[in-house]
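1. task: produce atomic coordinates for the following.
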Amino acid sequence: MRVFGRPPSEYECYQLIGYRESAKAGEVTRIADRSAHPELATLTRDFWLFDVGTAKPFAALMSYDPAGQYLGAEITADPAVIVACITARNLAQRYSVPLGVYLAQLKAETG
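-> Numbering: from 1, shown residues only. Got it, this is the predicted structure:
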């Protein structure tokens, strides 16, 4: 799941190409539109959750420079961070739509 603003940045447009290719292979991607849902404004941290629902969940917290260049990830199993990530994921999921729906909306807006 990804949270995007509108219009998508150049990098986000690049990511959408990859998501389309992944969808052809069966991966399910959902997009939450921060511009359409002010509730998502607080979701600014990029992360991956692993092993949620097990005894040892952990997260990779991504870091980027001001230009959006990936700098690396911090791995954490801090319970407070895991709860915050799960809460953020659930919020984004509540407002997300399937990739195809998002792409159709984007195309309708841009012509």
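
2. and S22, helix, strand or coil?
-> Using DSSP: H, G, I helix; E, B strand; the rest coil, the structure places S22 in helix.

3. any idea how many residues pack against the closest residue to P98 other than its chain neighbours?
-> Distances taken as C-beta to C-beta, 6 or more residues apart in numbering place R30 nearest to P98, at 5.9 Å, with adjacent residues excluded. C-beta: built from backbone N, CA, C; applies to glycine. Neighbours of R30 under the rule other C-beta atoms under 10 Å: 17.

4. pretty sure R30 sits against L103.
-> No. Using C-beta atoms under 8 Å, R30 is not in contact with L103; the gap is 11.9 Å.

5. hey, where'd the strands end up in this protein?
-> Counting by DSSP state E, the chain has strands at residues 2-4, 30-33, 47-50, 58-64, 70-76, 96-98.

6. show me the shaky parts of the protein.
-> For the chain, the stretches with pLDDT under 70 are 111.
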